[in-house]
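**Student:** Only the shape, not the letters, is given here:
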C-alpha cells in the first residue's frame, strides 16, 4: 500500500512525470533491479565518505536508459559529535566532509549547487530549525518523509518544511539494497539527467511525495534503524579522525589545501 502527499510547485505540468528516489547510499545490480522493479526513473547516489569523481564514475557505470543514476554528495559538516548532513547535487568541484556548516554552505552557493536538507531535526545528524531558517536562500528542498524516521520524526519534518515554506522531497535513504524504492518523489517533469533533476528542484516543479505505508515501510524502518547503530559507532568514526588520508578528509591532498583553514580535524 502506498501513501502520497501532493505539493504543487510553481510550474505547470505537461503530463510528464518522473519517479525519483532522491537519496540512496548503495549501488549495485540488486539496487538497479529493485529500483527498476519499483518503477523508478532515477535514483540519486550519494554514498558516505566517497569523493565526487568516484561517485560520478560508479553512477555512470550503473546508469541506463531505463534507470538514471544521478551522482551527489551528502556532506558531513562540523565535528563528528555534532555533525549535520547536507545533500548537494550539481557540484562541479569536490567538497570534503568535516568542515563547518557555514563553510560548506558557502561552497555550495559558490558552485550554484542544488542543496537538500535530508531528515531535518533527526537526532544529532541533521539541520535544525534555526539552520533551515538561516539558510532559506541556499536550501532548495526539505525531506518530509524518511523510512528511517519514526512517525513523529516525519511529522516534525513536515512541519518544518511548512513553517519555512520549503518544497518537499522524500527518499528511501537506503543504506541497504532492500530499502530502495520504499519512498520516492514523483516530479511533474522529465528527469533524464542530473541537470534535469537540478532544474526540477531549483524551479520548484510540482511533485508528490510517495511512500510505502504498511508492512514494507516498517520492515524498511527496522532494518535501517538497526544499521544506524553501526553508522554512529566510534569504530567507524575513528577511520576519519586518525588519518588525513581518507578520501573526503578536508586535509586530503586531493583538495589542494583549499579547506585546510576550515578543517575541524
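**Tutor:** The structure has been received and is ready for your questions. Note that the structure is a prediction, hence the values are computed from the model and not measured. Numbering: from 1, shown residues only.
**Student:** Just give me how far the helix or strand hosting residue 73 sits from the chain centre.
**Tutor:** For residue 73, the element it lies in under DSSP states H and E is strand 68-77. Computed by CA atoms, centre = their mean, to the nearest Å, the chain-centroid distance of strand 68-77 equals 6 Å.
**Student:** Equivalent analysis for stretch 162-179, please.
**Tutor:** The chain centroid and the centroid of stretch 162-179 are separated by 7 Å, computed with CA atoms, centre = their mean.
**Student:** Now do it: distance from first to last residue.
**Tutor:** Separation of the first and last residues of stretch 162-179 by CA to CA, to the nearest Å is 27 Å.
**Student:** so what's the nearest residue to residue 50 once chain neighbours are set aside up against?
**Tutor:** Among residues not flanking residue 50 along the chain, residue 247 sits closest, at 6.2 Å (CB to CB, 6 or more residues apart in numbering). For the C-beta atoms, the positions are set from N, CA and C on the backbone; glycine is no exception. If a contact means CB atoms under 8 Å, 6 or more residues apart in numbering, then residue 247 has 49, 50, 51, 54, 254 as its contacts.
**Student:** Let's verify residue 201: helix, strand, or coil?
**Tutor:** State at residue 201, reduced to three classes by DSSP: H, G, I helix; E, B strand; the rest coil: helix.
**Student:** How about the contacts made by it?
**Tutor:** Residue 201 neighbours (CB under 8 Å, 6+ apart): 89, 114, 116, 140, 141, 167, 169.
**Student:** Is the fifth one in a helix, a strand, or coil?
**Tutor:** Right, residue 141. Counting by three-state DSSP, the backbone at residue 141 sits in strand.
**Student:** Quick check, it in contact with residue 168.
**Tutor:** Yes - look at residue 141 against residue 168 with CB atoms under 8 Å: they come within range, at 6.4 Å.
**Student:** Just want to know which of these two has more residues nearby.
**Tutor:** When residue 141 and residue 168 are compared for neighbours, residue 141 comes out ahead with 25 against 21, by other CB atoms under 10 Å.
**Student:** Could you report the neighbour count for the closest residue to residue 99 other than its chain neighbours?
**Tutor:** Nearest residue to residue 99 in three dimensions, chain neighbours excluded: residue 262, at 4.7 Å (CB to CB, 6+ apart). Neighbours of residue 262 under the rule other CB under 10 Å: 16.
**Student:** Residue 195 now?
**Tutor:** Around residue 195 there are 12 residues (other CB under 10 Å).
**Student:** Find the helix or strand that it is a member of.
**Tutor:** In this structure, residue 195 sits in helix 194-202 according to DSSP H and E.
**Student:** Return the set of buried residues in that helix.
**Tutor:** 194, 196, 197, 198, 199, 200, 201, 202 (16 or more other CB atoms under 10 Å).
**Student:** so who does the fourth one touch?
**Tutor:** The reference is to residue 198. Counting by CB under 8 Å, 6+ apart, residue 198 has contacts 89, 90, 114.
**Student:** change it to 10 Å
**Tutor:** Residue 198 sits next to 70, 72, 89, 90, 112, 113, 114, 140, 191 when contact means CB atoms under 10 Å, 6 or more residues apart in numbering.
**Student:** farthest pair in these?
**Tutor:** 112 and 191 (18.9 Å; CB to CB).
**Student:** between those two, who's got more neighbours?
**Tutor:** Legend: neighbour count by other CB under 10 Å for residue 112 and residue 191, higher for residue 191 (25 against 11).
**Student:** thought the more buried one was touching residue 68?
**Tutor:** Yes - using CB atoms under 10 Å, residue 191 is in contact with residue 68, at 6.8 Å.
**Student:** who touches both of the two?
**Tutor:** In contact with both residue 191 and residue 68: 18, 20, 41, 42, 197, using CB under 10 Å, 6+ apart.
**Student:** which stretches of the stretch 51-200 of the chain form helices?
**Tutor:** With DSSP state H, counting those that start in this stretch, the ranges of helices along the stretch 51-200 of the chain come out as 52-62, 101-110, 129-134, 151-163, 194-202.
**Student:** Let's have the ones you listed in TSV, adding distance to residue 186 and mean pLDDT.
**Tutor:** Listed next are these as TSV, based on distance: least, CB to CB, whole Å; pLDDT from 0 to 100:
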stretch	distance to residue 186	mean pLDDT
helix 52-62	21	98
helix 101-110	25	98
helix 129-134	24	97
helix 151-163	17	94
helix 194-202	11	98
